[in-house]
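Colleague: give me coordinates for this.
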Amino acid sequence: MARRTINNLKLGIFVLAGLAVLIILLYVIGRNEYLFGNTFELKARFENVNGLMPGNNIRFAGIDAGTIRSVQVLDDTTIEVTLRVRNDMKKYIRKNAEVSIGTDGLMGNKLLNIRSARVPAPLVEEGDILVTAPGVDTDEILKVLNATTGDIAVVVSELRKSVKRFNESSALWTLISDESVPAGISASVSRIRMASARMDDMMAGLDLIVTDVREGKGTLGKLLRDSAIALDIRASVQKLGSIGASADSLTARISVLVNSISRQVQNPDGTVHALLADPKMAESVSKSLQHIEEGTRAFNENMEALKHSFLFRGYFNKIERRKKEVTTSVY
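Modeller: Next up is the predicted model:
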């Protein structure tokens, strides 16, 4: 009987110990789920929750702030998520805070991130609906990564073909093994450097010329900067304009004269027409010139006879001596 009592006592103690352990485990689990702490509820609405489930964590500024209480479908485009947030976080979360879906690491469980806005706003209250923001979709990342992997595979394949053609190209290897190629490249680089140095000198000279012109030095600088030269050029242009006007006036007068002569030539009764077109007048003028020439010749002969006449010989000799004296005095 005593032994049976001891066994029952042991069984009771074992059962009580098991219940205590169970209660402690439930408390630890409930503490992680914030079942036994002071919390308040917020809501957020999404078009796609990307696998978010009740029990997933909520983080505010990277700190665990609560868990997801429920995920409920409102209609075909709206899913409402109820957030159970620790009561001590209420004084930090404001009404304009943004909620986005993220992951715990690259391939971890889904979670909700609450991010504060930079614009001041009132603190949240029980049941407020927070603004949502699009989060990072892991599936889309994996799709892009898969496409990028395919592109990399294509690039690697093309690169392998290029390397193969490079290895099989005898002309290219001949060019690479030619020792004169580096020397030629070095000479070309030297020529390029010399040309660059000459170009720099030329640009420096042009800069100096431009500076001198700006400062009014040299002929070009004076021409561009000296106001007196500009006035002289303006005066010269004005004179050229007046000369052009005079030339136009002279041309007009010559044109009038030419027209008058032309009319006189065309007039059969005019003197000019008689001189230029009448053959009788031309013959008369020719005879008159011939008579004048014969008279001049006879006059020269008479004068020569007078020089040799004893009456006028002394006079002409005196004139010759005076001419010689004047010539001698000049030389």
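
Colleague: switch to C-alpha atoms for all contacts and neighbour counts from now on
Modeller: OK.

Colleague: which intervals of the stretch 201-331 of the chain have sub-threshold pLDDT?
Modeller: For the stretch 201-331 of the chain, the stretches flagged by pLDDT under 70 are 213, 216-230, 264-282, 285, 306-316, 329-331.

Colleague: ok, which stretches of it are helices?
Modeller: Taking DSSP state H, counting those that start in this stretch, the helices of the stretch 201-331 of the chain run over residues 218-225, 227-266, 271-277, 279-308, 313-330.

Colleague: please apply the same query to the stretch 51-200 of the chain.
Modeller: With DSSP H, counting those that start in this stretch as the criterion, the stretch 51-200 of the chain has helices at 138-168, 170-177, 180-215.

Colleague: same list, these, but as a markdown table with distance to residue 45 please.
Modeller: Formatted as a markdown table, the helices of the stretch 51-200 of the chain follow (distance: least, CA to CA, whole Å):
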| stretch | distance to residue 45 |
| --- | --- |
| helix 138-168 | 20 |
| helix 170-177 | 65 |
| helix 180-215 | 67 |
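
Colleague: so which of the ones you listed is nearest residue 117?
Modeller: With respect to residue 117, and counting by CA to CA, the nearest of the helices of the stretch 51-200 of the chain is helix 138-168 at 24.6 Å.

Colleague: can you tell me the average pLDDT over that closest one?
Modeller: Throughout helix 138-168, pLDDT has a mean value of 79.

Colleague: rewinding a little: including distance to residue 263 and mean neighbour count, could the helices of the stretch 51-200 of the chain go into CSV?
Modeller: Listed next are those as CSV, based on distance: least, CA to CA, whole Å; neighbours: other CA atoms under 10 Å:
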stretch, distance to residue 263, mean neighbour count
helix 138-168, 96, 12
helix 170-177, 91, 11
helix 180-215, 60, 12
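
Colleague: count of neighbours near residue 60?
Modeller: By other CA atoms under 10 Å, the residues close to residue 60 number 19.

Colleague: skip the chain neighbours and tell me the closest residue to it.
Modeller: The shortest distance from residue 60 to any residue that is not its chain neighbour, by CA to CA, 6 or more residues apart in numbering, is 4.8 Å, and that residue is residue 114.

Colleague: just give the number of residues close to the one you found.
Modeller: For residue 114, using other CA under 10 Å, the count is 23.

Colleague: with residue 97 instead?
Modeller: The number of residues packed near residue 97 is 22, by other CA under 10 Å.

Colleague: quick check: the closest residue to it other than its chain neighbours vs residue 195, distance?
Modeller: In this structure, residue 97 finds its nearest non-sequential neighbour in residue 116, 4.5 Å apart by CA to CA, 6+ apart. Computed as CA to CA, to the nearest Å, the residue 116 to residue 195 distance reads 62 Å.

Colleague: of the helices of the stretch 51-200 of the chain, which approaches residue 18 most closely?
Modeller: Minimum separation from residue 18 across those (CA to CA) falls at helix 138-168, 42.9 Å.

Colleague: what about residue 102, distance to residue 109?
Modeller: Applying CA to CA, one obtains 9 Å for the distance of residue 102 from residue 109.

Colleague: please say which of these two ends up with more neighbours.
Modeller: When residue 102 and residue 109 are compared for neighbours, residue 102 comes out ahead with 23 against 14, by other CA under 10 Å.

Colleague: would you mind measuring from the residue nearest to that one when sequence neighbours are not counted to residue 40?
Modeller: Excluding its sequence neighbours, the residue lying closest to residue 102 (CA to CA, 6+ apart) is residue 111, at 5.3 Å. Counting by CA to CA, the gap between residue 111 and residue 40 amounts to 18 Å.

Colleague: and those two? Which one has more around it.
Modeller: Each of residue 111 and residue 40 has its neighbours counted (other CA under 10 Å); residue 111 has more, 23 against 17.

Colleague: next up, the contacts around that one.
Modeller: Applying CA atoms under 8 Å, 6 or more residues apart in numbering to residue 111 gives the contacts 52, 56, 57, 58, 59, 101, 102, 103, 104.
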